[in-house]
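**Q** Got a sequence here, can you build the structure:
(one chain, ligands or ions: 1)
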Amino acid sequence: MKTELQQLKNTLQNALHQSAVTDDPDILERYAMDETSDLKGNPWLVVYAKSTQDVSIVLSLCNEYRIPVIPRGAGTGVTGGAVPVAGGVVLSLEKMNTILEIDTENMIAVCQPGVITGQLQKEALRHGLMYPPDPASLDSCSLGGNVAEGAGGPRAVKYGTTKDYITGLEFVLADGSIIQHGGKFIKNATGYNLTGVLIGSEGTLAVITKIYCKLIPAPAYTLDMLIPFQSLHDATHFVYTLLLHRIQPAVLEFMEEDALTLAASYIGQEMPHPQARAHLLIQLDGDSYQEIDASLNKILSLSAVDPESILVAQSPQQKERLWKARRCIREAIQAKSPVFLAEDCSVPRSNIVSFLTGVKEALTPYRLQSIMFGHAGDGNVHIDVLKNDMPYDEFKALVPSLKEIIYRQAYIQGGTITGEHGTGFIRKEALKQFASLPELSLYKRLKKAFDPNGILNPHKIIDLD
Ligand SMILES: Cc1cc2nc3c(=O)[nH]c(=O)nc-3n(C[C@H](O)[C@H](O)[C@H](O)COP(=O)(O)OP(=O)(O)OC[C@H]3O[C@@H](n4cnc5c(N)ncnc54)[C@H](O)[C@@H]3O)c2cc1C
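**A** Numbers count the residues shown, from 1 in each chain. I've put the predicted structure just below:
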């Protein structure tokens with residue numbers, strides 16, 4: 001293997017550029033992790049692609065040598081998708097980071113995969129347009145990673161997720177062949193929906209090299225508010241009340257008491273309503289103040305909560321304060337307990353409370369701290385279980401049972417394992433356990449059809465053997 005790797009390195013350096021390929025141990029170390037808690041695997045080489053052609057060369061050579069390739073965007077994934085768990089070549093797309101075009105007439109952005117999501121949003125806004133998918137990591141994650149993960153975010157309740165905004169992709173197969181599917185047009189009934197197949201494929205089927213993103217007119221105004229509730233049931237029931245009364249917030253996030261307490265203490269803020277058991281963070285958007293005002297008044301009249309206790313952000317600073325607590329929950333957890341289990345099951349939103357109650361009950365005997373928050377509008381619930389001061393080996397030994405409890409509850413409630421973070425490495429076993437045999441068999445045949453030698457991101461989503 002060592003000789004083959006050396007040969008591959010030399011060939012790649014000749015074909016691309018000397019500095020495009022490295023086995024410098026310090027750099028390999030930097031690409032050994034993503035944001036998944038407690039997961040690491042050193043790559044053998046890191047290769048930086050600057051063009052589709054580069055990607056094609058890397059893949060066809062690695063395919064020839066049967067050397068695994070792990071595509072990598074910005075490395076913010078939380079299920080180990082970009083971690084070379086058993087070595088291989090990390091193919092970094094971070095230098096392919098150009099917004100190639102903002103076509104205002106067709107309302108389409110054409111982007112390289114390494115573009116940071118927040119940058120596209122800012123650039124679109126300069127043209128009065130909006131790219132709605134908004135993972136909380138938007139200032140650091142890449143579009144390629146978003147497409148590969150099928151990323152979602154708080155605005156999914158009104159605007160949908162990444163999958164709803166991709167009209168076409170250019171991608172490279174394991175043998176180096178380049179395919180362009182879809183483009184700047186919205187409707188497409190030609191052949192199979194290959195773009196749809198690649199969304200959420202986590203680098204296991206092909207490497208995405210160009211992305212066509214649908215844009216929409218940006219709403220002129222937004223208004224954010226935080227509403228405290230006596231119980232999680234009251235908070236989630238209010239979501240239903242709002243939607244029933246034709247109020248369509250852009251964001252509907254819930255935070256259980258523990259989540260907000262932890263976040264507030266992490267950023268050194270006072271809890272506005274320490275006695276509340278749950279909060280809803282709501283964002284309204286629209287084209288006029290009147291429109292938003294009308295929705296706000298409706299919300300005030302529908303809610304049984306004392307209107308005085310509803311915090312409505314009156315300035316950008318107040319808005320930032322409201323959002324800071326929501327956005328930093330993961331960081332706050334990490335600071336308290338660097339080792340933790342992070343799950344993001346998806347259930348019908350009417351079952352959020354029964355799901356969380358079921359999980360809590362089942363977790364009680366373990367006496368571990370759990371933090372629950374998420375997207376009340378779409379039923380995607382984040383459950384983090386913290387190791388805190390439990391000995392590492394003891395916690396690790398418990399992890400499979402904890403996962404089993406959480407996933408089983410999700411299925412009991414008519415839901416599934418993950419709503420936005422993907423299967424990656426850490427949920428592969430769960431997929432095997434919960435998917436049916438015909439479904440698993442189809443996944444394998446799909447993988448084989450795209451990547452017959454299994455070089456693309458092996459050990460992620462599904463194993464071929
Ligand atoms: C603080 C924090 C908040 C987060 N919030 C959210 C959230 O709200 N919603 C959400 O969905 N996720 C969230 N995430 C998870 C993560 O940011 C997303 O999964 C994101 O889409 C990953 O993008 P990335 O560029 O970092 O991808 P990476 O981590 O580099 O890679 C992720 C996967 O995509 C594959 N991949 C990357 N680029 C390509 C490509 N060009 N072609 C083929 N495969 C590729 C990799 O092989 C890997 O399997 C959060 C993460 C953190 C740390």
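
**Q** how about Glu439, secondary structure?
**A** In three-state terms, and counting by DSSP: H, G, I helix; E, B strand; the rest coil, Glu439 is helix.

**Q** Count the residues that sit near it.
**A** Applying the criterion other C-beta atoms under 10 Å, we find 10 residues in the vicinity of Glu439. For glycine as for every other residue, the C-beta is placed from the backbone atoms N, C-alpha and C.

**Q** ok, now which ones touch it?
**A** With C-beta atoms under 8 Å, 6 or more residues apart in numbering as the criterion, no residue contacts Glu439.

**Q** Next: Leu341.
**A** Applying C-beta under 8 Å, 6+ apart, the residues near Leu341 are Ser37, Asp384, Val385, Val399, Leu402, Lys403.

**Q** Where does it sit: helix, strand or coil?
**A** For Leu341, the secondary structure call by three-state DSSP comes out as strand.

**Q** Bridging across strands, which residues link to it?
**A** Here Leu341 sits in beta bridges with Val385, going by DSSP bridges.

**Q** Quick check: the gap between Glu256 and the ligand.
**A** Applying C-beta to the nearest ligand atom, to the nearest Å, the value for Glu256 to the ligand is 17 Å.

**Q** What of Leu446?
**A** For Leu446, the distance to the ligand equals 15 Å [C-beta to the nearest ligand atom].

**Q** Which residues are in contact with the residue of the stretch 301-450 of the chain found nearest the ligand?
**A** Taking C-beta to the nearest ligand atom, the ligand has its nearest neighbour within the stretch 301-450 of the chain at Glu420, 3.4 Å off. Under the criterion of C-beta under 8 Å, 6+ apart, the contact partners of Glu420 comprise Pro135, Glu149, Gly150, Ala151, Gly152, Gly153, Thr161, Asp344, Ser346, Asn380.

**Q** Out of the residues you listed, which are close to the ligand?
**A** When contact is defined as C-beta under 6 Å from any ligand atom, those meet the ligand at Pro135, Glu149, Ala151, Gly152, Gly153.

**Q** what about this structure, any weak spots by pLDDT?
**A** Within the chain, the stretches falling below the threshold (pLDDT under 70) are 1.

**Q** Skip the chain neighbours and tell me the closest residue to the residue of the stretch 301-450 of the chain closest to the ligand.
**A** Closest residue in space to Glu420, ignoring its immediate chain neighbours: Gly152 at 3.8 Å, by C-beta to C-beta, 6 or more residues apart in numbering.

**Q** The contacts of Glu420: which two are farthest apart?
**A** When those are compared pair by pair using C-beta to C-beta, the farthest-apart members prove to be Pro135 and Ser346, with a separation of 15.0 Å.

**Q** So the regular element (helix or strand) spanning Ile211, near the ligand or not?
**A** Secondary-structure element containing Ile211, defined by DSSP states H and E: strand 207-214. Yes. Strand 207-214 comes into contact with the ligand (C-beta under 6 Å from any ligand atom), by way of Val207, Ile208.

**Q** Give me the sheet partners of the helix or strand following that strand and which way each runs.
**A** From strand 207-214 onward toward the C-terminus, using DSSP H and E, the following helix or strand is strand 216-217. When pairs are called by DSSP bridges, strand 216-217 turns out to pair with strand 129-130 (antiparallel).

**Q** Which is the succeeding secondary structure element to the partner strand?
**A** Helices and strands here follow DSSP H and E; after strand 129-130, the next one along the chain is helix 143-149.

**Q** Give me the distance from that following helix to the chain's centre.
**A** Between the mean C-alpha point of helix 143-149 and the mean C-alpha point of its chain there is a distance of 8 Å (C-alpha atoms, centre = their mean, to the nearest Å).

**Q** buried set for the strand holding Ile211?
**A** Val207, Ile208, Thr209, Lys210, Ile211, Tyr212, Cys213, Lys214 (16 or more other C-beta atoms under 10 Å).

**Q** and this structure, which residues reach the ligand?
**A** With C-beta under 6 Å from any ligand atom as the criterion, the chain comes near the ligand at residues 34-35, 70-78, 81-82, 93, 113, 135-137, 141-142, 144-146, 148-149, 151-153, 202-203, 207-208, 330, 420-421, 457, 460.

**Q** make it 5 Å
**A** 34-35, 71-78, 81-82, 93, 113, 135-137, 141-142, 144-146, 148-149, 151-153, 202-203, 207-208, 330, 420 (C-beta under 5 Å from any ligand atom).

**Q** Would you list the strands that the helix or strand in which Gly374 is found pairs with, along with their directions?
**A** Assigned by DSSP H and E, Gly374 belongs to strand 369-375. Strand 369-375 has these partner strands in its sheet, going by DSSP bridges: strand 251-256 (antiparallel), strand 380-386 (antiparallel).

**Q** Could you identify the most distant pair in the buried residues of strand 207-214?
**A** Val207 and Lys214 (21.9 Å).

**Q** For the stretch 101-250 of the chain, which residue gets nearest to the ligand?
**A** Each residue of the stretch 101-250 of the chain has a distance to the ligand, by C-beta to the nearest ligand atom, and the smallest belongs to Gly145, at 2.2 Å.

**Q** residues near Asp24, how many?
**A** 10.

**Q** And it, how close does it get to the ligand?
**A** Taking C-beta to the nearest ligand atom, one finds Asp24 at 20 Å from the ligand.

**Q** Lys9 versus that residue, what's the distance?
**A** Separation of Asp24 from Lys9 (C-beta to C-beta, to the nearest Å) stands at 12 Å.

**Q** Now do the residue lying closest to Ala74 once chain neighbours are set aside: how many residues are near it, please.
**A** The shortest distance from Ala74 to any non-neighbouring residue, by C-beta to C-beta, 6+ apart, is to Ser142 (4.4 Å). If you count neighbours by other C-beta under 10 Å, Ser142 ends up with 28.

**Q** now the one 4 residues further on
**A** Per other C-beta under 10 Å, the neighbour tally for Asn146 reads 34.

**Q** Wait, it touches Thr162, no?
**A** Yes. Under the contact definition of C-beta atoms under 8 Å, Asn146 touches Thr162, with a separation of 4.8 Å.

**Q** which residues do those two both contact?
**A** Pro133.

**Q** can you list the domains in the protein?
**A** The record, using automatic domain parsing to delimit domains, assigns the chain the ranges 2-92, 99-217, 221-327, 337-429.

**Q** closest to Phe450 out of those domains?
**A** Comparing the domains of the chain against Phe450 with C-beta to C-beta, the closest turns out to be domain 99-217 (4.1 Å).

**Q** for the closest one, how far is the first residue from the last?
**A** End-to-end distance of domain 99-217 (C-alpha to C-alpha, to the nearest Å): 18 Å.

**Q** Stretch 113-131 now?
**A** End-to-end distance of stretch 113-131 (C-alpha to C-alpha): 15 Å.

**Q** And stretch 406-418, by the same measure?
**A** With C-alpha to C-alpha as the measure, stretch 406-418 spans 11 Å from end to end.

**Q** what comes up buried for that stretch?
**A** For stretch 406-418, the buried set under the neighbour-count rule, 16+ other C-beta under 10 Å, comprises Ile406, Tyr407, Arg408, Gln409, Ala410, Gln413, Gly415, Ile417, Thr418.
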